[in-house]
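**Q** here is the input, now give the coordinates:
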Amino acid sequence: MNSKKKGSAGERELLDILRRHGIEAARNDQMYVGGAGLPDILATIAGREWHIEAKRCEALRLNEWLEQAYHDAAKTPQRIPVVIFRRSRQKWHVAISLDNLFSLLGISEEEGGNAETP
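**A** Okay, the predicted model is just below:
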């Protein structure tokens, strides 16, 4: 399977998983026709919009993928940039910033200090 087909199949697989778990989600089908800067999947989780970059790839390039998610999600600041990825025959994993995780969990900076500093 070529990489574009594999990526597209991964997006459809992830979309199906999200929907089966009751998550409102839609795939960006305009990827190659004016879809630059749009998420692979846009989902609403815990009342917040998630800008999801879905990656099904053997080579882990997490920093590159996170940079893409942060850059693209910045165009719509209320969206949470997230990368959801997996290798073949492996589980899906989620990469999200610690401050966004705390926000989703309802934990304030006052409770634990700033998540950005050591």
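
**Q** next up, the contacts around the closest residue to residue 25 other than its chain neighbours.
**A** Of all residues not flanking residue 25 in the chain, residue 43 sits nearest, at 3.8 Å (C-beta to C-beta, 6 or more residues apart in numbering). Backbone N, C-alpha and C define where each C-beta goes, glycine included. Going by C-beta atoms under 8 Å, 6 or more residues apart in numbering, residue 43 touches 18, 23-26, 49-50, 52.

**Q** now do the strands in this protein.
**A** Using DSSP state E, the strands found in the chain span residues 24-27, 41-45, 48-56, 80-86, 93-95.

**Q** average pLDDT for the longest one, rounded please.
**A** In other words, strand 48-56. If you average the pLDDT over strand 48-56, you get 95.

**Q** how much does it deviate in direction from strand 41-45?
**A** Strand 48-56 and strand 41-45 are oriented at 140 degrees to each other (axes from the mean of the first three to the mean of the last three C-alpha atoms, to 10 degrees).
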